[in-house]
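**Q** Need a 3D model of the following:
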Amino acid sequence: MDKKLFKSILWIITYAVLLVLFIIQFDEVRGLFWTVIGLFQPLFIGFAIAFVLNRPCQLFSQLYDRELGRTKAKNLSRPLAVATSYLLMFVLIIAFFSLVLPKLVESIQIFLNSINGYMLNIQEWINRQEWLAPLFSSLHLDTLDLSNFSDLIKGALNGVVNTLTTAVPQLLTITSNIISIVVTGFLSIIFSVYMLSGKATLLSQCRRVLKAYAPPKVEAWVTDVVHLTANTFTAFVSGQLIEACILGGLTALGMLFIQADYAPLIGVIVGATALIPMVGAFLGGAVAAVLLIMVSPLKTLIFLIFLLCLQQFEGNVIYPRVVGNNVGLPAIWVLAAVTVGGGLFQFVGILVSVPVASVLYTLLRRDVHRRLGESKV
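**A** Numbering: from 1, shown residues only. I've put the predicted structure just below:
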């Protein structure tokens, strides 16, 4: 047997065995994966923070280079850019906890205080509909009683309010948890600062290691994949976060303009669900409509029309400018990636599944074009 053919068959058998073992022992592999993630949690969180702050840091660095380029302080442009990026992050976090969070809790509490009246109105309206009488009789019901449903919603939202209002005090009373959180947060910030400030040095070291140990073709391929991955993730993750904030803010402003109730709550819901590609905004709109229809069906209709127009504006104007066209993935694969990623890794999987799938799709498409080009088909 030809030596090259034997080597290829051996590689195929090895990959097949590893794939079968991975499928059979998937739960154990996933458990091991999360164990490793837990051990290196500060490093991964630091990398995530540095990755998100990389784009604003670049913008600030260009600004400081332009202002300090001809002065003796030109070497301070990068440290100043890093410091400004973290200052911006802390300001946004403080603004959320001091401005947005209290309004969010207040909206939930107002809804809780009013839900009994909402349910009573809905119950009376449904019971007045004669065409629903056959349905009630088939269910052996004289009238519809929504009191249990009301209690269920109140219990769920009370749990959310208690979590939002007592999470920090509870953490402060648990010494081990607070120490772990503080240490993890501190180390994550330190790692992210080093990554941002020493980005050029880290990249140079990685290139030198790759050039020293990898053949030229492998080096070129790895460099290309890394650039593609970095561009795709930068365009998607940071852009998706910015786009979600913009969409949530515009939704809240629109709610205030039409004088609808629960504007902060609905803005947060729409913004948070907008992080989920494709279906997120529709999911947030459906939840918001359920909240509003109990107060005013007319304002619910106005809100849905407003949200539909806002989504069209966001999809055609905001999204291309903020996220760009770097995530070139067909809609069917976006939906598949979100479904699989969410099933495997919950919210983190939903957030990163699309750029990961986009990278794989782009690499596969390039390879297909290359092979078809070589075979002249």
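
**Q** Please count neighbours and contacts with C-alpha atoms only from this point.
**A** Fine.

**Q** Now name the helix or strand holding residue 70.
**A** Using DSSP states H and E, residue 70 sits within no helix or strand.

**Q** Just give the number of residues close to it.
**A** 9 (other Cα atoms under 10 Å).

**Q** Could you do residue 53 as well?
**A** Residue 53, neighbours per other Cα under 10 Å, totals 21.

**Q** ok, now how distant is it from residue 47?
**A** 10 Å (Cα to Cα, to the nearest Å).

**Q** for residue 223, same thing?
**A** Taken as Cα to Cα, the span from residue 223 to residue 47 is 19 Å.

**Q** More neighbours: the two, which one.
**A** For residue 223 versus residue 47, neighbours defined as other Cα under 10 Å are more numerous around residue 47 (20 against 14).

**Q** which phi and psi does the more buried one have?
**A** phi -60, psi -40 (degrees, to the nearest 10).

**Q** residues contacting it?
**A** The contact partners of residue 47, by Cα atoms under 8 Å, 6 or more residues apart in numbering, come to 188, 191, 192, 195.

**Q** hmm, which two among the residues you listed are most spread apart?
**A** 188 and 195 (10.5 Å; Cα to Cα).

**Q** Sketch out the helices for the stretch 151-300 of the chain, chain order is fine.
**A** 175-197, 199-213, 216-233, 239-257, 263-273, 280-293, 297-313 (DSSP state H, counting those that start in this stretch).

**Q** Residue 368 is nearest to which of these?
**A** Taking these one by one with Cα to Cα, helix 216-233 is closest: 15.6 Å.

**Q** Next, count neighbours for the residue lying closest to residue 250 once chain neighbours are set aside.
**A** Excluding its sequence neighbours, the residue lying closest to residue 250 (Cα to Cα, 6 or more residues apart in numbering) is residue 267, at 7.7 Å. When neighbours are counted by other Cα under 10 Å, residue 267 registers 27.

**Q** For residue 267, report the pLDDT, please.
**A** Listed pLDDT for residue 267 reads 84.

**Q** Residue 244 is in contact with that one, correct?
**A** No: using Cα atoms under 8 Å, residue 267 makes no contact with residue 244, being 10.0 Å away.

**Q** Residue 369: neighbouring residues, count only.
**A** As a burial measure, residue 369 scores 13 neighbours (other Cα under 10 Å).

**Q** looking only at pLDDT, what's the mean for the strand or helix carrying it?
**A** Residue 369 is part of helix 331-375, with elements assigned from DSSP H and E. Average pLDDT, helix 331-375: 79.

**Q** Tell me which other helices or strands that helix touches.
**A** When contacts are defined as 3 or more Cα pairs under 8 Å, 6 or more residues apart in numbering; DSSP states H and E, helix 331-375 packs onto helix 216-233.

**Q** What residues sit buried inside the helix it packs on?
**A** 219, 225, 228, 229, 232, 233 (16 or more other Cα atoms under 10 Å).

**Q** now, among the residues you listed, which is nearest to residue 83?
**A** residue 233 (23.1 Å).

**Q** Contacts only, for that closest one.
**A** Counting by Cα under 8 Å, 6+ apart, the residues that residue 233 touches are 352, 355, 356.

**Q** before we move on, what about residue 48?
**A** residue 192.

**Q** Check which element follows the helix or strand in which it is found along the chain.
**A** Here residue 48, judged by DSSP H and E, is contained in helix 41-68. Remark: after helix 41-68, the chain's next helix or strand is helix 77-95, criterion DSSP H and E.

**Q** so what secondary structure elements neighbour that following helix?
**A** helix 41-68, helix 175-197.

**Q** Can you say which of those helices is packed in most?
**A** For the helices and strands packed on helix 77-95, the largest average neighbour count (mean count of other Cα atoms under 10 Å) is found in helix 41-68, namely a mean of 18.

**Q** quick one on the thing from earlier: would you turn the buried residues of helix 216-233 into CSV with pLDDT?
**A** Output for the buried residues of helix 216-233, formatted as CSV (pLDDT from 0 to 100):
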residue, pLDDT
219, 87
225, 89
228, 87
229, 86
232, 83
233, 82
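
**Q** Now for residue 21, how many residues are close by?
**A** 12.

**Q** just residue 22 next, same as before
**A** 14.

**Q** Now do the phi/psi pair for the closest residue to it other than its chain neighbours.
**A** Leaving aside its chain neighbours, residue 22 sits nearest to residue 29 (7.0 Å; criterion: Cα to Cα, 6+ apart). As for residue 29, its main-chain torsions (degrees, to the nearest 10) stand at phi -60, psi -40.
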